[in-house]
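> Give the three-dimensional model of this entry:
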Amino acid sequence: MKRPGFSMMELVTILIIISVLSTLAISHYRGTVERSLNQDVHHQLVLLQKGQESYRLDHPTYFASSDFNDINSTLRAFIPSNQYWNFQVFASGCVQARRNGGDNRFWSLAINSTTPAASACP
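Numbering: from 1, shown residues only. Have a look, this model is predicted:
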């Protein structure tokens, strides 16, 4: 007489299917988060660039600093504090964001440029 329940092979098969599906879901989630962070930092770099241009109208040079509070108050960018990116502005007018963490990713936006580049400021 056959006992009710699942065999060991059926349970292992279900566990394998669940682990494959969860791996796919996690990788898709991480990709979505990265795309969202990149879009967010692109908008913040444009705000900083506009702040640099505005600052330059009143001063003989562009503003240069790597202090987040100093950048926000001087350029009036009002960028919220961010755990993912460190911002820096250069006297050349270039604005840069460097990713916190292990991947050392950079985004920069030079004056008279419309799209951020995936590199450090020159």
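> A helix includes residue 6, no?
No. Read with DSSP: H, G, I helix; E, B strand; the rest coil, residue 6 is coil and lies in no helix.
> I'd like the distance between residue 49 and residue 59.
Distance of residue 49 to residue 59, computed by C-beta to C-beta, to the nearest Å: 16 Å. From N, CA and C alone the C-beta is placed, and that goes for glycine too.
> what about the chain, any weak spots by pLDDT?
Scanning the chain for pLDDT under 70 picks out 1, 102, 122.
> where exactly do the helices run in the chain?
For the chain, the helices defined by DSSP state H occupy 8-58, 68-75.
> From the contact counts, what lies against the longest one?
Helices and strands touching helix 8-58, as assessed by 3 or more C-beta pairs under 8 Å, 6 or more residues apart in numbering; DSSP states H and E, comprise helix 68-75, strand 85-89, strand 95-99, strand 106-109.
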